[in-house]
Each structure stands twice: as C-alpha cells, then as structure tokens.
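Peer 1: Attaching a predicted model along with its sequence, questions to come.
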Amino acid sequence: MTATALKSFNYSLSLITTHHRLNHNYYSYAILSCRRLPRFQPASTSSFLNSGFRFFHSNRHLFSSQSGSLMEVFKAACSEGSSSSCDRIAIKADGKSYSYGQLISSALSISKLFSKDNSLNGGETKKYEGFGSLKGARIGIVAKPSAEFVAGVLGTWFSGGVAVPLALSYPEAELLHVMNDSDISLLLSTEDHSETMKTIAAKSGAQYHLIPLVVDSSSETVASNQLQDNSFETEGKFLDEPALIVYTSGTTGKPKGVVHTHNSINSQVKMLTEAWEYTSADHILHCLPLHHVHGLFNALFAPLYARSSVEFLPKFSVSGIWRRWRESYPVNDEKTDDAITVFTGVPTMYTRLIQGYEAMDKEMQDSSASAARKLRLMMSGSSALPRPVMHQWESITGHRLLERYGMTEFVMAISNPLRGERKAGTVGKPLPGVEAKIKQDENDLNGVGEICVKSPSLFKEYWNLPEVTKESFTEDGYFKTGDAGRVDEDGYYVILGRNSADIMKVGGYKLSALEIESTLLEHPTVAECCVLGLTDKDYGEAVTAIIVAETEAKKRREDESKPVMTLEELSGWAKDKLAPYKLPTRLLIWESLPRNAMGKVNKKELKKSLDNQE
Ligand SMILES: Nc1ncnc2c1ncn2[C@@H]1O[C@H](COP(=O)(O)OP(=O)(O)OP(=O)(O)O)[C@@H](O)[C@H]1O
C-alpha cells in the first residue's frame with residue numbers, strides 16, 4: 001500500500017441502520033423539592049437548605065476556584081453580577097472575547113429551549129433517574145472550539161442533559177454510529193455546520209437546534225439579574241448523574257462511549273487545577289479537538305474551573321502558535337495583558353513546532369524562543385513523547401515538557417510534577433487521590449505488567465456495554481488500562497504502550513514499540529517513525545519500522561540519486577543503542593503517517609492492512 005493510500009485509511013465502523021427511537025415520555029420540568037447542600041457546605045449552614053439561588057449571592061466567597069463543581073464556578077461567577085468575576089474573560093476565539101457571565105447567559109437560553117420541548121427527556125430509553133427538563137437525555141454538540149461549544153455543554157448540564165461532543169472531522173457513517181449508539185435526542189450545532197447536521201439529525205431520528213451565537217464582550221455586559229434562573233436549582237442531587245459521553249479514539253477497536261458523571265468531572269478538574277496550579281491569572285492557548293479528554297479537560301474544563309481564560313486557535317497552525325507567543329511577550333521583557341501562560345499539546349505538535357522553528361531566520365528564532373521561554377508551563381500527552389523531541393524542545397525553549405498519562409476512562413491519572421524532577425521517558429507519579437498499580441504477569445520477572453488505576457475521576461461505565469464495563473475492572477475495583485508499563489527506581493511510571501498494539505512478541509521476547517521508536521527518532525534522517533510487529537512465520541512478529549524522512553536529508557539523498565534510507569544503514573546505526581533482537585528487520589519509507597485527530601496512528605488497523613498485503 002502506498003503512503004498516500006494509507007493516509008486516507010480509516011477504521012471501518014459498522015453503521016447501525018436499524019435504530020429506532022423509542023417513545024419519549026413526557027416528564028414535566030420539576031423544581032426539586034428538596035435542595036441539598038453542595039457537598040462542601042459545612043453542616044452548620046443547613047439553614048441555606050431552601051434558599052436556592054440566593055445561596056450563591058450571599059455566599060459567593062465560598063466559591064473560590066478550589067471548591068465546588070465546575071457548574072458551581074459558573075454559578076458563582078454569575079452570582080457576582082457585574083463584578084470582576086462575571087466580566088472575567090472565559091473564552092477568546094476569532095478575535096472576540098466572551099465573559100463567564102455571557103457564557104452563562106447563553107447557556108441559560110439554550111436550557112430554556114430544552115424546557116419548552118417535552119419530547120427530549122430520554123423517554124423510555126432513559127437509563128438514569130435524571131434531573132431538570134432533560135432527565136439524562138443525550139444532546140450531541142457539533143461546533144468548532146468556540147464560546148458556542150462551551151455554552152452548548154453548559155446549557156445541557158443546566159437542564160440535566162448528557163453532553164456528547166462530536167468530532168467535526170467525523171465522516172457521516174461515524175457520526176451516525178455515535179449518534180445512534182448514544183441515542184442522541186437532539187443535535188446542537190453552530191450555523192457553519194447547520195445544513196449537514198440537520199440531515200444527520202434527520203437520519204438518526206434526532207431533533208436539531210442551532211446554538212445561538214454567544215454575545216461577545218464588546219457588545220454587552222451581562223447584568224446579574226439576567227442570570228438568575230431556576231435551571232440552577234439542582235445542586236447536590238445531580239452529582240452522580242451522567243454529564244458527558246466521550247468516545248474513545250478507536251486505536252484498539254471500535255470507539256466506545258465513556259460515561260462521566262458530574263462527580264468524576266469535578267474530581268478531575270480539581271485534581272488538575274491543584275497539580276498544575278491553574279489560576280485565574282492563566283491564559284491557555286488551546287488548539288486541540290474537543291471530542292477527546294486532552295482538549296476537553298486539560299485545556300478547557302480545568303482552566304475554566306480555575307477561572308483562567310482559554311483562547312481557541314481555530315486550527316493547529318505552527319506559524320500561528322509561534323506568532324501568538326511572540327505577540328504575548330514582545331521584546332524588552334514586556335508582557336501583554338492577555339499573554340499566553342500555558343500550552344498543552346500532543347507530541348507531533350511539538351515535532352511540527354520544532355520544524356517550524358528550524359525554518360525561521362535567526363532573528364525570528366531568537367524572538368520566538370525567548371517568547372516561548374516566558375510561558376509558565378508546557379505539557380505533552382496523549383501519546384509517548386520521544387526523548388529526542390523532549391530534549392530538542394528544551395534546548396530551544398528552556399522548557400522541560402511536563403509529560404502526563406491519561407485515558408478517556410479516567411482522564412488524567414499519572415503526571416510528572418509541576419515542581420520537582422520531570423523525568424524523560426516517564427509519565428511521573430499518580431496524581432493526588434489516584435491509586436495506580438502494575439498487574440504483573442506470573443512469568444514476567446522484570447516488573448512489567450498492565451497498569452491499573454483507581455481514581456475519583458474514573459468513568460461510570462461504557463455506554464450500553466455492561467459486560468465490557470465489568471470486564472474492564474479487577475475484582476478490587478481497579479480499571480485495567482490495557483497499557484503495559486513499569487515503575488522505575490524513583491517511583492516514576494514508564495509506559496511501554498498498548499498491550500494490543502505496541503507490545504510486539506518477537507522470537508519469545510516482548511518488545512515495546514515505543515522504546516524502539518524513541519531511539520530511531522534520534523537518527524538525523526528520521527522525522528517521524530512508527531514501529532509495529534508484522535506477522536512473521538519464523539519469529540511470530542518482525543520489528544517493522546515505518547519512517548518519514550526529514551525534508552532536507554531526503555532532498556540531499558535524492559540529489560545524490562541515493563535511497564533516503566536503507567534497512568542496513570538504520571540497523572547499523574541503531575546497533576549500539578538497541579539490543580540485537582530489538583533492531584528493525586523491515587523498513588518502510590512513507591511520505592507521512594496516517595494519524596488521527598490526536599496525532600495517533602491506529603497500529604492495530606495498520607498492522608492488519610499491512611499483514612493482508614504480504
Ligand atoms: N504520555 C503518554 N505516553 C504514552 N502513551 C500515552 C500517554 N498518554 C496517553 N497515552 C496512550 O493513550 C491512551 C489513551 O487514549 P484514548 O483514551 O484516546 O484511547 P485510545 O487508545 O487512543 O483509543 P481506544 O481506547 O478506542 O483504543 C492510553 O491508554 C495510552 O496508550
């Protein structure tokens with residue numbers, strides 16, 4: 001298969017065509033008769049029991065960024081009326097700014113839309129008790145990273161719905177799979193996707209609604225009385241209800257719907273805020289998709305919980321990111337009011353940013369590196385950060401990237417420290433409140449085994465997959481991640497990769513593809529690399545390296561009429577760095593690697609298609 005053909009390859013999803021939406025029962029909008037206190041409320045203040053929204057007015061000091069839920073932070077901002085908190089900028093996008101108050105005001109309008117419609121509340125298909133007018137109905141949200149996306153999620157939550165963020169890049173079959181799988185009652189989208197989404201909604205028997213434009217800060221300030229609404233009167237009761245379904249990337253199989261509750265979301269945003277010290281002084285540059293946990297939690301929910309500002313870049317752009325950093329920190333130690341302080345990305349983004357930096361002239365390199373140096377924190381995750389990338393980034397920007405380990409099912413669980421040693425090739429230690437352990441194979445004596453995680457941020461279940469949910473847990477309640485790993489001498493976790501895709505079995509040895517990739521990336525001609533075990537009749541699997549050559553090196557070799565790289569050359573170079581049985585025995589040179597929205601290669605599918613061609 002050619003690289004171009006592979007680039008467009010997509011995992012196939014069976015399309016569920018026989019979906020029937022069951023009758024939707026009418027559940028009247030019920031104001032909860034017993035308003036329970038938020039969990040952090042001291043017992044002595046039980047006289048607030050029936051005070052509803054006034055509670056937030058009179059007690060706004062309780063809603064510091066360190067207490068309460070993500071929803072409560074928004075409520076608190078609105079209860080402060082036109083004070084600085086309500087007017088604080090939550091989102092920047094397309095050159096416009098949106099305050100916390102404006103987001104809430106929009107979310108309330110969306111919420112009112114739901115309360116007018118009696119057919120949305122989950123009907124006979126509802127699985128949970130639910131609250132608000134939606135009672136746990138699933139609301140699909142299709143919007144580019146924007147204030148409207150955030151308002152759509154909040155509006156859904158305020159009405160007791162379950163938000164299902166859908167990828168803009170999904171082909172129709174995949175969108176329909178997700179919509180039918182999670183039984184979406186209503187699809188919300190912005191104007192730019194309205195035509196396609198109306199058709200998709202109709203095909204899956206869901207209703208459709210446009211997300212109203214959020215008014216930006218230049219046009220209107222929101223008065224606190226505009227923000228008082230009964231939709232808030234749900235505190236306490238809702239915390240264990242589902243709030244979000246995120247679909248896994250499908251790297252190891254068909255994507256599964258992972259159900260998170262308000263409680264698991266709250267635990268996670270608190271955990272990340274504390275671990276990475278997000279505060280209201282932070283300004284996060286966001287260029288990740290919002291249908292995966294990295295973009296959703298690390299770069300959006302947790303910063304909003306901490307009342308930071310989040311600035312969406314419409315699309316990942318190397319020059320756009322470098323420019324935004326330079327604008328933030330112009331020469332002479334200046335810093336703009338909205339200077340970016342935090343950046344988080346996947347490893348391929350850093351590879352591209354390094355390439356972009358190398359293509360700049362000297363003057364531009366100096367101002368770019370000096371600006372990047374001034375950010376407070378730069379992080380990497382979603383897949384393994386190769387050591388060469390980490391070291392190169394550090395030598396350019398002075399930042400030792402903070403690498404952490406996460407998964408849709410528990411969001412983030414293990415992280416290198418904000419303060420303290422960030423060890424290359426490791427993902428750090430369990431975050432506070434998280435218990436992690438290695439479940440070792442009986443015959444494995446070298447400490448390698450499956451990473452298992454227990455955390456307050458663990459998901460509730462896989463949507464409609466009770467058996468799969470059950471099988472994913474150990475008897476003592478740990479989630480089995482399917483990732484192989486070990487703990488080093490300092491207690492830092494080392495990820496060796498997915499048992500099903502990254503652990504190759506070659507002539508009796510179990511090898512980590514990630515370790516070999518990291519080494520091969522040190523070769524000056526290798527720009528990108530993917531290692532996988534292709535079926536081999538003698539050894540079970542053969543270490544196969546697929547490389548993308550560095551542009552300049554490729555051009556040089558082509559000018560000399562030489563092959564870009566040979567297997568002998570690569571393994572000859574690697575033999576001092578890798579044990580003989582880890583050396584690649586097959587080499588493929590491609591123009592690019594088939595990566596998904598999170599920069600990951602679906603190795604299971606790739607292996608299958610390459611094995612089939614042999
Ligand atoms: N820092 C990291 N180093 C190595 N691998 C990582 C790191 N962070 C995340 N991962 C990988 O990403 C996985 C989680 O990603 P996600 O939840 O999107 O699932 P997926 O594997 O991409 O998709 P699916 O579950 O559908 O197969 C982890 O299980 C791990 O394999």
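Peer 2: Cool, got the structure. Numbers count the residues shown, from 1 in each chain.
Peer 1: What parts of this protein come near the ligand?
Peer 2: Within the chain, the residues that sit near the ligand (C-beta under 6 Å from any ligand atom) are 248-253, 255, 292, 381-384, 403, 405-408, 427, 481, 483, 495, 498, 600. For every residue, glycine as well, the C-beta is placed using N, CA and C.
Peer 1: Just the buried ones among these, please.
Peer 2: For the residues of the chain next to the ligand, a burial check counting by 16 or more other C-beta atoms under 10 Å picks out 248-252, 255, 292, 381-384, 403, 405-408, 427, 481, 483, 495, 498, 600.
Peer 1: rewinding a little: show me the residues of the chain next to the ligand that map onto strands.
Peer 2: Among those, DSSP state E puts 403, 405, 406, 407, 481, 483, 495, 498 in strands.
Peer 1: Could you find the closest non-adjacent residue to the third one?
Peer 2: Nearest residue to residue 406 in three dimensions, chain neighbours excluded: residue 412, at 4.1 Å (C-beta to C-beta, 6 or more residues apart in numbering).
Peer 1: is residue 283 in a bridge, and if so with what?
Peer 2: Beta-bridge pairing of residue 283, defined through DSSP bridges, involves residue 309.
Peer 1: My guess is it contacts residue 337. True?
Peer 2: No. Counting by C-beta atoms under 8 Å, residue 337 is not a contact partner of residue 283; they are 9.0 Å apart.
Peer 1: Between the two, tell me which one has more neighbours.
Peer 2: residue 283 (22 against 7; other C-beta atoms under 10 Å).
Peer 1: Report the contact partners of that one.
Peer 2: Contacts for residue 283 (C-beta atoms under 8 Å, 6 or more residues apart in numbering) come out as 308, 309, 310, 311, 338, 339, 340, 341, 342.
Peer 1: Pick the one among the residues you listed closest to residue 172.
Peer 2: Closest approach between the contacts of residue 283 and residue 172, by C-beta to C-beta: residue 310, at 29.7 Å.
Peer 1: Give me the neighbour count for the closest one.
Peer 2: 25.
Peer 1: For it, which residues are in contact?
Peer 2: Going by C-beta under 8 Å, 6+ apart, residue 310 touches 90, 91, 92, 283, 284, 286, 299, 300, 303, 304.
Peer 1: possible to save those residues as TSV with secondary structure?
Peer 2: Listed next are the contacts of residue 310 as TSV, based on DSSP: H, G, I helix; E, B strand; the rest coil:
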residue	secondary structure
90	strand
91	strand
92	strand
283	strand
284	strand
286	strand
299	helix
300	helix
303	helix
304	helix
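Peer 1: What subset of these is buried?
Peer 2: Those of the contacts of residue 310 that meet the buried threshold are 90, 91, 92, 283, 284, 286, 299, 300, 303, 304, by 16+ other C-beta under 10 Å.
Peer 1: Now for the closest residue to the third one other than its chain neighbours, how many residues are close by?
Peer 2: Nearest residue to residue 92 in three dimensions, chain neighbours excluded: residue 311, at 4.1 Å (C-beta to C-beta, 6+ apart). For residue 311, the count of nearby residues is 20 (other C-beta under 10 Å).
Peer 1: Helix or strand for residue 311, just tell me which one.
Peer 2: Using DSSP states H and E, residue 311 sits in strand 309-312.
Peer 1: Quick one: residues in contact with the very next helix or strand once past that strand.
Peer 2: Per DSSP H and E, the first helix or strand lying C-terminal to strand 309-312 is helix 318-328. Residues outside helix 318-328 that contact it (C-beta under 8 Å, 6+ apart): 285, 287, 311, 313, 335-336, 338-340, 343, 352-353, 355-357, 360, 367-368, 371-372, 374-375.
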